[in-house]
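Participant: Sequence first, predicted model second:
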Amino acid sequence: MISISETTDELLNKVAEYFIAAAGESIAHSGRFSVALSGGSSPKKLYELLASGLFRERVEWSKVYFFFGDERYVPFDDPASNFLMAKKALFEPLGIPGWQIFPVDTGLQPKEAASFYMDQINLFFGKESPRFDLVLLGLGDNSHTASLFPHTPVLHNRDVDVKEVFLPDEQVFRITFTAPLINIARRIAFLVYGAAKAEAVFNVIQGTDDYENFPARLVRPENGELFWFLDKEAAGKLPPESL
């Protein structure tokens, strides 16, 4: 499903309402809400909105458990850390206790960090499959999502897992959910805005199954819902019949 907003503020409010509804449904059904957060500037604005006076009282935050769909391989206090961004924008303003937050342990070597994170996820879900109630995703100009980047080996991984990814151009590691782990979520929501993302949005939604060049094409829920939240600029290249 695709939702297009006229302005960024309208878009962020729609996603916040979606988050609140998903949290309420999950808590009513199972007593908790598990969400995998995305990094980047777009989600930061969403987190700040959720922590604001407009929305903070509408979620039972004591029953929300936070994970990360991907993380940069940097220390927790590094400005590039997705965890640090979420901590400042969401966790600290809401007073979320540490036991509800599951950051990637970047103090380990990349491969061990990925393996340990999957162990934590499996421990959280117990005997159930590791099916998140919501996975929030962004979209890069190059059509990557999470840390599923073009022409990286992780794109061929068919396991429900967390893996390390090396980006040769930047000479850095990242830790990411595999596409199969994302795809078993109950809800997957892309938050994308700005004209710079229009080409990527078109390639992922309307393009061919060329996931080597457009990795977000791999996001296809097995038995859940996929929601695209776009502003009119990000949706600018989509044909009317696709909306």
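Facilitator: Arrived safely, thanks for sending. Numbering: from 1, shown residues only.
Participant: how about residue 229, secondary structure?
Facilitator: strand (DSSP: H, G, I helix; E, B strand; the rest coil).
Participant: Tell me where this protein has helices.
Facilitator: 8-30, 41-50, 82-86, 92-94, 110-125, 179-183, 198-206 (DSSP state H).
Participant: how about residue 31, what does it touch?
Facilitator: By CB atoms under 8 Å, 6 or more residues apart in numbering, the contact list for residue 31 reads residue 63. Yep, even glycine has a C-beta here, placed from its N, CA and C like the rest.
Participant: So it versus residue 108, what's the distance?
Facilitator: Residue 31 sits 31 Å away from residue 108, going by CB to CB, to the nearest Å.
Participant: returning to that earlier point: right, and the helices of the chain - which one's nearest residue 137?
Facilitator: helix 179-183 (7.5 Å; CB to CB).
Participant: Name the residues of the closest one that come out as buried.
Facilitator: 179, 181, 182, 183 (16 or more other CB atoms under 10 Å).
Participant: tell me which of these is nearest to residue 7?
Facilitator: residue 182 (28.2 Å).
Participant: Tell me what angle the lowest-mean-pLDDT helix or strand in the chain forms with helix 8-30.
Facilitator: Across the helices and strands of the chain, mean confidence by mean pLDDT, DSSP states H and E is lowest for helix 41-50: a mean of 93. Using axes from the mean of the first three to the mean of the last three CA atoms, to 10 degrees, the inter-axis angle of helix 41-50 relative to helix 8-30 is 70 degrees.
Participant: what packs against helix 41-50?
Facilitator: Secondary-structure packing of helix 41-50 (3 or more CB pairs under 8 Å, 6 or more residues apart in numbering; DSSP states H and E): helix 8-30, helix 82-86, strand 187-192.
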